[in-house]
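Student: Using only what follows, build the 3D model:
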Amino acid sequence: MDFGLSQEQEMIVETVRAFVETEIYPHENEVERTGIVPTELGREIQRKCIDLGFYACNFPEEIGGAGLDHVTFTLVERELGRGSLGLTVFFGRPSGILMACEGEQRERYLLPAVRGDKIDALAITEPDAGSDMRGMKCAARRNGGDFVLNGTKHFISHADVADFVIVFAATGEEETPKGIKKKITAFLVDRGTPGFEIRKGYDSVSHRGYHNSTLSFEDCRIPEAQVLGEVHRGFDIANQWLYGTRLTVAATCVGRARRVFEMALPYAAERKQFGKPIGANQGVSFKLADMITEIDAAEWLTLSAAWRLDAGLPADRQIASAKLYASEMLARVTDEAIQIFGGMGLMDDLPLARFWRDARVERIWDGTSEIQRHIISRDLLRPLGA
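Tutor: Numbering: from 1, shown residues only. Got it, this is the predicted structure:
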């Protein structure tokens, strides 16, 4: 088993880490204070990412992306996880679901997203439909050659800076072994479409500067040409592509945990109490031992899941395990780091309180910890008929 990185992967890791440290870190405190990323700063980060050749690095080379494999892209996400999400979002990783674009959609949505000319957002969650995607109430009905969309979405990440939104809506019903379920269709909806409104969402304690929005649709008319994939097959498209977002969450959690650990370790070695470094006490040194063990375990879970994708092997359970463990690991590591720093760990002079707050949402979005446990347990039990 080869756990080493190639020379190219090492270079990519070093490049992205340097980018985060020089282009992201200096702006974090101000974004945390104001909750705002100035428009020009976001564009500057995007331009520099494009100049580096990393924009849309999760897309194939033939359409203008960097064509990174899953392991290498996961390493990129790990390094980006060290920085503020409100800023790193402009590094530019469009939703992989856009690969389902066909015909004119490629010129209108896919290629501009890959070039950085347009930014996309993904709209699935609703006030009454979070983990239960099939329970969504946002619906689209046929009207001539169009669909008329009505309903509400909320918690939609970075829709405030998006040029178009990939919206999932119910378009019918079907009989399943578990009863009647809604058929889901994905639509490409442009900002400014009549009947489509993007409003400020909720103020969150996590990831300030990375905003969520509420989307409302009132008799919003969408041409059938803007159906992404096939009518009634949106659920299949989502399942095919959304695994990548969970792997991203796992990777960013690992990156953030390593940044936290790299603050706690030297502090434990330098901070003295009762005439010796606090790290000389088992009460602190054992915390450090547990922290690095959990970080390493989460990283290998995450990279092994990415390796399975590259190898063409089933990876749903492994991705769920990585997302579950890494997100819960980050909560423990940030909490222990604050304990090591004591009262200073909660002061705004250090970023630890921010990391601690940011960690909380990772166990919720892109599938709660409970959903990940459901995926894992069903994968284990189904082959046994249970």
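Student: Would you check how far apart the closest residue to residue 59 other than its chain neighbours and residue 106 are?
Tutor: Leaving aside its sequence neighbours, residue 59 sits nearest to residue 65 (Cβ to Cβ, 6 or more residues apart in numbering; 2.8 Å). Heads up, the C-betas are built off the backbone N, CA and C, glycines and all. Going from residue 65 to residue 106 by Cβ to Cβ, to the nearest Å gives 13 Å.
Student: So if I had to pick from those two, which one is more boxed in?
Tutor: The neighbour count for residue 65 versus residue 106, taken as other Cβ atoms under 10 Å, is higher for residue 65 (21 against 15).
Student: Hmm, that one is touching residue 53, no?
Tutor: No: under the criterion of Cβ atoms under 8 Å, residue 65 is not in contact with residue 53, lying 9.9 Å apart.
Student: mind listing the strands for this protein?
Tutor: Using DSSP state E, the strands of the chain run over 120-123, 139-143, 146-157, 164-176, 179-190, 196-200, 212-223, 227-228, 272-273, 276-277.
Student: export those to JSON lines and tack on distance to residue 101 and mean pLDDT?
Tutor: Below are the strands of the chain laid out as JSON lines (distance: least, Cβ to Cβ, whole Å; pLDDT from 0 to 100):
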{"stretch": "strand 120-123", "distance to residue 101": "11", "mean pLDDT": "95"}
{"stretch": "strand 139-143", "distance to residue 101": "18", "mean pLDDT": "96"}
{"stretch": "strand 146-157", "distance to residue 101": "17", "mean pLDDT": "96"}
{"stretch": "strand 164-176", "distance to residue 101": "10", "mean pLDDT": "92"}
{"stretch": "strand 179-190", "distance to residue 101": "8", "mean pLDDT": "93"}
{"stretch": "strand 196-200", "distance to residue 101": "19", "mean pLDDT": "97"}
{"stretch": "strand 212-223", "distance to residue 101": "14", "mean pLDDT": "97"}
{"stretch": "strand 227-228", "distance to residue 101": "7", "mean pLDDT": "96"}
{"stretch": "strand 272-273", "distance to residue 101": "59", "mean pLDDT": "94"}
{"stretch": "strand 276-277", "distance to residue 101": "57", "mean pLDDT": "96"}
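Student: out of the ones you listed, nearest to residue 82?
Tutor: Of all the strands of the chain, strand 146-157 sits nearest to residue 82, with 19.0 Å by Cβ to Cβ.
Student: ok, the nearest residue to residue 233 once chain neighbours are set aside - how many residues close by?
Tutor: Nearest non-adjacent residue to residue 233, counting by Cβ to Cβ, 6+ apart: residue 185, 7.3 Å away. If you count neighbours by other Cβ under 10 Å, residue 185 ends up with 26.
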